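Visitor: make a model of this:
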Amino acid sequence: MRKTALLFLVIFVCCACAGVTVDKSTEYLAKGEMYHKTGRAQKALKYLNKAVAEDPANAQAYLSRGSLFYSVGEYDNAIADFNVVLEADKNVPELYAALGAAYAAKGEYKEGRDALLKSLELYPNNVAALNSLGGIYYSTENYNAAIEQYGKALDIRAVPEIFYMRGLCYEKLGMQDKADADFKQADFLAGVSAR
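Guide: Modelled structure (predicted):
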């Protein structure tokens, strides 16, 4: 009887400790995300690191920290954190899109393209992935492929920056009338009267 009571006490303490760890990690995560949204990267990183340390299985903490790393140009760290999350779940299209954008920002276009194509395989209407893939094609001077990706993105959602990028592609190909039409549409959507 005494052994059973002791066993229940040990189980209760272990469960309580595990609950505290998860709650503390979630608390740190919330603080880190709040600081990131308000532009306080160092403070955000401090709390996101604490969230990961408290609960190494907290995929959202790695995702948020990876996003922070991406936003401050630490692409290797972003890629590492995104890959940790991918170990847990390989079916998150937004994660592949973020990973692809990080690779592209580093100039690793093949890896970026592969991740973005995986994102689009999982979710073909991912505007961020289509836009990033267009950016890779633009950066590698494959303007026709970029125009195609930007067009697919614009069929889903009219975004001024995507019109602008497609306009740059048309301009590079000497198609000034189409470029001007896209620049005009970008200006209109952005609420700007003239380019």
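Visitor: when you work out contacts or count neighbours from here on, use the C-alpha atoms and nothing else.
Guide: Noted.
Visitor: list the buried ones in stretch 133-146?
Guide: By neighbour count, with 16 or more other CA atoms under 10 Å as the criterion, the buried positions of stretch 133-146 are 133-138, 143-146.
Visitor: just stretch 77-92 next, same as before
Guide: Burial within stretch 77-92, assessed by neighbour count using 16+ other CA under 10 Å, is assigned to 77-79, 81-86.
Visitor: low-confidence regions, the protein specifically.
Guide: Counting by pLDDT under 70, the chain contains low-confidence ranges at 1-22, 192-195.
Visitor: give me the domain ranges for it.
Guide: 21-89, 107-195 (automatic domain parsing).
Visitor: any idea which of those domains gets closest to Ala97?
Guide: In this view, those are compared for proximity to Ala97 by CA to CA, and domain 107-195 is the closest at 5.0 Å.
Visitor: could you tell me which of the buried residues of stretch 77-92 are located in helices?
Guide: Using DSSP state H, the subset of those located in helices is 77-79, 81-86.
Visitor: among the buried residues of stretch 133-146, which lie within strands?
Guide: Applying DSSP state E to these, no entry is found in strands.
Visitor: got the contact list for the residue nearest the centre of the chain?
Guide: Geometric centre of the chain, nearest residue: Ala98, 3.0 Å, by CA atoms, centre = their mean. For Ala98, the contacting residues are 67, 82, by CA atoms under 8 Å, 6 or more residues apart in numbering.
Visitor: roughly how far is the strand or helix carrying it from the heart of the chain?
Guide: Under the criterion DSSP states H and E, the helix or strand holding Ala98 is helix 93-105. Using CA atoms, centre = their mean, to the nearest Å, the mean C-alpha position of helix 93-105 is found 6 Å from that of the whole chain.
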